[in-house]
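return a 3D structure for these sequence lines:
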Amino acid sequence: MLPPKNYEIEIVDADYTAGPAAELRILYGITGLCWLRVDGRTIPLEKNAVFLLPPEKEARLDLQDGALAAIISLDCMGLLSPQIQRSLSIESQDLTGEWHRELQRRVQELLLVFTGGGKSRAFRELGEYYLLLDLLLQRFQTCDVSNAPNADRAGQMMAALWGAGGASISLRELAARLYLSTAATSRLFRTLTGENFSDYKKRIRLEQVKRELEQGEKPITVIAVGAGFSSPSVFNRNFKENFGITPSQYRQEMKSKRPAEATDESTFLRVFQILEQEQKERQTGQLHQAVASVGKAVSCKRWQNRILNVGPAHLLQSAAVQKQVAFLAERLEIEYVRLWSLFSPQMLLGGGGEKHFNFAFLDGVLDFCVDHRLKLHLDLAQRRDFSLASEHSEIYSRATPEEIEWLPLAEAFLQHIRLRYTEEMVSQWVFELTFYLNDQPYSSQLSDLEVWRRSYTLIKSMLPRARVAGPGLICSSSKNELRKGVLKYAACGMPPDIFTTVNYPYDFEGTLEEESIFQKRKQKVDDRDFLAEQAGFVRQTFEELGFAGEYWVTDWGFSLANRNYMQDSCFRGASVLRHMLTAQGAADAFGVFCATDILSAYGDAGSVLTGSAGLLSQGGVRKPVYYAYRFLRTLGRWQLCQTEHCIITAEGERDIRIVCFNTKALGHQYYLLEENAHRPDQMDGLFADLESLEVEIVLTGLPEDQGPYSVRQRILSETQGGALGKWVALGCSSNLSRGDMEFLERTS
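The predicted structure is shown next:
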């Protein structure tokens, strides 16, 4: 005879609400994309993703068309104390990587047996259930008591409780199994679990009763007596004290929530086939093939790193920043250096009377760029000086200074640089007017559109050949709002020579006409193709309008945070390659954001790596994202093939250049916490999977009479060349020796 089945499995193919329950529930993404909404968060539950929903928590699953998910309800609460149960919070999802992957495997095996059928299914299913339960108990019991002086006793106690079914064992029997007195066992139990043994027994009995009320039609009086309560009235009183309603009310409520119909057999078969294929792929490994013929090459525009975002102009007064910018400009062959906050209090001397302004500090910054033969892309806005630690918290924020009479200031500046650097040189610069990252308007008397028209006219009157850019539109997934922003400036009668946008995978409610972006609560969205989709929509709108100017994405990235260690990882480098190769036709230029971590240096930035968005660390260590742009620059002028994981180009018949990349999807763990909450050594646990990828390159049409051919490869991974992986290996110390720092710089 099989022991009682203490779990339930549901396969869902439509939106599903999981109300509060006593059980621990495992939510598993089988295929397609599900959006998990819990505690005010929206988390992607992608294929193979596992999420632990703590007891008494509510959640909603919104499934896209064709998506499937599984809900596994486990009645293991009798084996976990309230102290352990409290540790099962939304924020405490496992981030260590290997345990999570083992959990995925155990869930998959259980679902395979559950959906596969067969004569021995019941026994095999129960076996998989106990393996899954064992994994969970190991994890959470260890988390709870591993540091306790009685850790060995704790393991023996939990094993005794589990083996006895939890509710049936008495304190005397438990003491006998532990070879302790009843008093000592009682004290030990309270020390380790945070509750009295009698309270534990009562809680377990009530949980068993709840399950019987949910699952069967047995009379409530019989249930009460079977659970050991002396009378129905005592049972009713205890139940209401713990759960707020009577047993009969609870049973009625549970009846109303039962699913109307069971999952049909065709869905079970589909789930089984999906999981079986997953299992085969795990056993054989992932294989990706790219086939290219040298005789079928098409022209490939050479990759250009046109814009390097440096930051507020005053930063470029620093010798350290100048050294890093000069290095990047040379190695990445940068065309434009982009600066903002030109007229901040740190840069502008004097002002006001008789339109007199002193630009001496700014001259030093501009001289550096001119001396290094760099063109300037100048964002003229009084841009807010800020840096984000995460999507909801700031490292620092300095409001825009008090309003300066804008048009006289702009006229004085243009006149000054035309005389100092000649009209011919300055006409090669880009003058940008942005309206979405400044929390105060250019003018309190003029609308943004009127400021645009007057400023555009002023620049063109003084520098007719110079290009005017703007408006720095912040893109989101709202196509309607995006279209409005494009129409406002591209169809205003004085369209920009270069239309500019800022692109990140975040959403916010309302419009930016109503309030500043700094007043918005931003929500991360899991859209791996956000850049191509957003930029592609803007380009499509241009075509509908007949807009003939260029389109530049000046700022972009997968994260706004400057305390997110993903910024230092190989994931970001691979992400840049993927985004640039999928979105390159949508815009004419993509701004490299940003030059150096010194942009966001602050009191908390004393470590070697700080999770900032620079290509170089504060100390000049080259990060994987730097090499991503280097790899792009090495591509040949002829394209032979482009796939999801590689691009094959040629510079000549004997010079084939291939860039391969394995861009992993971020799992739901990444979206659970703020971006600055993940430690450097936790990065592996933030991905949907860490399976290796084998890429098979098939080249045809190579001239056989010109061999032999040699192969040279450059590999970048966290274990080979990745700055973050090497820093983790050094213990993530913020006080490395000079020798360690030299090693890190030399090997990254």
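
the helices in the stretch 101-250 of the chain, which residues?
Assignment of helices within the stretch 101-250 of the chain using DSSP state H, counting those that start in this stretch yields the ranges 121-145, 151-163, 171-178, 182-193, 197-215, 220-226, 232-243, 247-257.

pick out the shakiest of those, pLDDT-wise.
Ranked by mean pLDDT, the helices of the stretch 101-250 of the chain bottom out at helix 151-163, with a mean of 60.

nearest to residue 410, out of the helices of the stretch 101-250 of the chain?
With Cβ to Cβ as the criterion, residue 410 lies closest to helix 121-145 of the helices of the stretch 101-250 of the chain, at 60.0 Å. Yep, even glycine has a C-beta here, placed from its N, CA and C like the rest.

the inter-axis angle of that closest one versus helix 182-193?
Direction vectors for helix 121-145 and helix 182-193, defined by axes from the mean of the first three to the mean of the last three Cα atoms, to 10 degrees, enclose an angle of 90 degrees.

hey, which helix or strand in the protein has the poorest pLDDT?
One helix or strand of the chain scores below all others by mean pLDDT, DSSP states H and E: helix 82-87, with a mean of 52.

report the contact partners of residue 601.
With contact taken as Cβ atoms under 8 Å, 6 or more residues apart in numbering, residue 601 is in contact with 610, 612, 618.

which non-adjacent residue is nearest the second one?
What it means is residue 612. Leaving out its chain neighbours, the residue that sits closest to residue 612 by Cβ to Cβ, 6 or more residues apart in numbering is residue 597, at 3.9 Å.

next: residue 318.
Counting by Cβ to Cβ, 6+ apart, the nearest residue to residue 318 once its immediate chain neighbours are dropped is residue 598, at 7.0 Å.

helix, strand, or coil at residue 740?
Three-state call for residue 740 (DSSP: H, G, I helix; E, B strand; the rest coil): helix.

for burial, what's the neighbour tally of the nearest residue to it once chain neighbours are set aside?
Closest residue to residue 740 apart from its sequence neighbours, by Cβ to Cβ, 6+ apart: residue 730 at 5.9 Å. Residue 730 has 15 neighbours, counted by other Cβ atoms under 10 Å.

contact partners for residue 730?
Residues near residue 730 by Cβ under 8 Å, 6+ apart: 736, 740, 744.

relative to residue 622, how far out is the last one?
Between residue 744 and residue 622 the computed distance is 10 Å (Cβ to Cβ, to the nearest Å).

check the second one too.
Spatial separation of residue 740 from residue 622 under the definition Cβ to Cβ is 16 Å.

quick one, what contacts the residue nearest to residue 318?
Counting by Cβ under 8 Å, 6+ apart, residue 598 has contacts 315, 318, 320-321, 324, 614, 618.

same check on residue 579?
531-532, 556, 558.

how about a cut-off of 6 Å?
Taking Cβ atoms under 6 Å, 6 or more residues apart in numbering as the definition of contact, the neighbours of residue 579 are residue 531.

now the spatially most central residue of the chain. Its backbone dihedrals?
Residue closest to the average C-alpha location in the chain (Cα atoms, centre = their mean): residue 670, at 5.2 Å. The phi and psi values for residue 670, taken as degrees, to the nearest 10, are phi -60, psi -30.

likewise for the one 3 residues further on?
Taking degrees, to the nearest 10, you get phi -110, psi 170 for the backbone angles of residue 673.

how far away is it from residue 507?
Applying Cβ to Cβ, the value for residue 673 to residue 507 is 18 Å.

repeat for residue 520
9 Å.

mind checking the SS state of residue 471?
For residue 471, the secondary structure call by three-state DSSP comes out as strand.

sorry, back to before: what's the pLDDT at the residue nearest to the centre of the chain?
Note on residue 670: pLDDT of 87.

next, count neighbours for the closest residue to it other than its chain neighbours.
The shortest distance from residue 670 to any non-neighbouring residue, by Cβ to Cβ, 6+ apart, is to residue 686 (4.3 Å). Other residues near residue 686 come to 24 when the count uses other Cβ under 10 Å.

I figured residue 686 hits residue 669, correct?
Yes: contact between residue 686 and residue 669 holds when scored by Cβ atoms under 6 Å: they sit 5.2 Å apart.

for the stretch 501-650 of the chain, which segments count as helices?
Under DSSP H, counting those that start in this stretch, the stretch 501-650 of the chain gives helices at 530-545, 570-583, 624-633.

just the buried residues of the last one, please?
The reference is to helix 624-633. Of the residues in helix 624-633, those scored as buried under the neighbour-count criterion (16 or more other Cβ atoms under 10 Å) are 624-632.

wasn't residue 287 part of a strand?
Yes: with three-state DSSP as the criterion, residue 287 is assigned to a strand.

secondary structure class for the closest residue in space to it that isn't next to it in sequence?
Distances taken as Cβ to Cβ, 6+ apart put residue 694 closest to residue 287, at 5.0 Å, once the chain neighbours are dropped. Put simply, residue 694 is strand when judged by three-state DSSP.

surely residue 694 touches residue 290?
No: taking contacts as Cβ under 6 Å, residue 694 lies outside contact range of residue 290: 11.5 Å.

which one's more surrounded, these two?
Each of residue 694 and residue 290 had its neighbours counted (other Cβ under 10 Å), and the higher figure belongs to residue 290 (20 against 11).

and the more buried one, what pLDDT?
Predicted confidence (pLDDT) at residue 290: the value is 90.

check residue 551 too.
The per-residue pLDDT reported for residue 551 equals 97.

and for the one 10 residues further on?
Per-residue confidence for residue 561 comes out at a pLDDT of 94.

pull the contacting residues for it.
For residue 561, counting by Cβ under 6 Å, 6+ apart, the contacting residues are 388, 390, 675-676.

distance check, residue 721 against residue 742.
The spacing between residue 721 and residue 742, counted by Cβ to Cβ, is 16 Å.

swap that for residue 239, sorry
Between residue 239 and residue 742 the distance is 68 Å, computed by Cβ to Cβ.

same thing with residue 294?
Residue 294 sits 43 Å away from residue 742, taking Cβ to Cβ as the criterion.

more neighbours: which of these two?
Remark: of residue 294 and residue 742, residue 294 carries more neighbours, 18 against 11, as counted by other Cβ under 10 Å.

so residue 434 sits against residue 472, correct?
Yes: shown here, residue 434 and residue 472 form a contact pair, counting by Cβ under 6 Å, at 3.0 Å.

out of the helices of the stretch 501-650 of the chain, the one nearest residue 465 is which?
Checked against Cβ to Cβ, the stretch from the helices of the stretch 501-650 of the chain lying closest is helix 530-545, at 22.7 Å.

tell me which other helices or strands that closest one touches.
Helices and strands touching helix 530-545, by 3 or more Cβ pairs under 6 Å, 6 or more residues apart in numbering; DSSP states H and E, are helix 479-490, helix 570-583.

picking that back up, got a winner among the contacts of residue 730 for most neighbours?
With neighbours set by other Cβ under 10 Å, the maximum within those is found at residue 744, which has 20 neighbours.

in what helix or strand does that residue lie?
Element membership for residue 744, per DSSP states H and E: helix 738-747.

just the buried residues of stretch 586-605, please?
By neighbour count, and taking 16+ other Cβ under 10 Å as the criterion, the buried residues in stretch 586-605 are 586-601, 605.

so of those, which ones are in strands?
Here DSSP state E is the test, and the buried residues of stretch 586-605 give 589-592 as lying in strands.

show me the two of those residues that sit farthest apart.
Across these, the two lying at the largest distance from each other (Cβ to Cβ) are 589 and 592, at 9.9 Å.
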